[in-house]
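>>> Have a look; sequence and predicted model below, questions after that.
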Amino acid sequence: MTATIITRHTRVEHTCVFDKAYNDYHQFAVWGRQLVFFFTRLKKNAVYTVIEVNRKHYRKEDQAKVLRDEIIEPEYHPEDNRGKKQMNIIKQLRLRKVSYQDNKKRYYEFLTNSFDITAKEVAFLYKKRWGIELLFKKMKQNFQLHYFYGGNENAIRTRVWCTLIARLLLTVIQKIAQTRKTFSVAALVRMHLISMPDMSELLKSTNRGYQIAGGSPDGTLQLALFSKNMGGGRFEI
């Protein structure tokens, strides 16, 4: 199901970055023929043959670096036109494996079919994917993203966009309140929005002060989004 959804949105020379739970060597081979590039993590139980080692370094404490850059060949069973694996056929797929250690001594093994970019760029791309995952993790903690009112793509997109907008507004409120407790702000808004729709009064009532920087009236419209009586100051984000 996941591969079908991803494939539906892939085009020639697109780049897909995803978690190791979606490892499918047959799909990787199809993407290779379609010039679709992917980046993921290698599963711990992966079986493969090392064809070539382009770089080899030893681990060092508190230093992020590429440890190994290898060409490998895992084996897989291709699928027929009905999506059924042909167990009597075994094929090899040439891929690239990059071993990386970050500055906290965490070890990662990345898998890709891109041979043109540097090993550091492979690690950088996956790091950006992790940033997106952390964003959605925080959204699921503060908002009800576990259930959807509709099962079609448009319903899910609408719910996600509404959640992103709500999170953006809460981030602005968080900056005004000079607090890092995003969850507490989200919980306060959820509990008191109907009884106290004025966000500035809500923050004042919980002793979460805010500061308005400068004396320019340029930011008046931005402040009016939360209260019409907050003055003509300007706040910095």
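Cool, got the structure.

>>> Where does the record place the domain boundaries for the protein?
With domains defined by automatic domain parsing, the chain comprises 2-118, 153-224.

>>> what pLDDT, on average, does the longest one get?
Put plainly, it is domain 2-118. Predicted confidence along domain 2-118 averages 86 (mean pLDDT).

>>> Same list, the domains of the chain, but as a markdown table with mean neighbour count please.
Just so you know, the C-beta spots here come from the backbone N, C-alpha and C atoms, and that holds for glycine as well. Putting the domains of the chain into a markdown table (neighbours: other CB atoms under 10 Å) gives the following:
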| stretch | mean neighbour count |
| --- | --- |
| domain 2-118 | 14 |
| domain 153-224 | 14 |
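
>>> Need the ones you listed in TSV (columns: distance to residue 124).
As requested, these are arranged in TSV below (distance: least, CB to CB, whole Å):
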stretch	distance to residue 124
domain 2-118	9
domain 153-224	24
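
>>> Please identify which of those is closest to residue 135.
domain 153-224 (8.3 Å; CB to CB).

>>> Do I have it right that residue 40 meets residue 20?
Yes - with contact taken as CB atoms under 8 Å, residue 40 and residue 20 are classed as touching, separated by 5.5 Å.

>>> Would you state the helices of the protein in chain order?
2-8, 25-33, 119-142, 153-177, 182-192, 199-205, 220-224 (DSSP state H).

>>> Just tell me which of those ends up closest to residue 47.
helix 25-33 (10.6 Å).

>>> Can you give the contact residues for that closest one?
Judged by CB atoms under 8 Å, 6 or more residues apart in numbering, the contacts made with helix 25-33 from elsewhere in the structure are 3, 7, 10, 16, 37-38, 74-79, 85, 91, 93, 95, 113.
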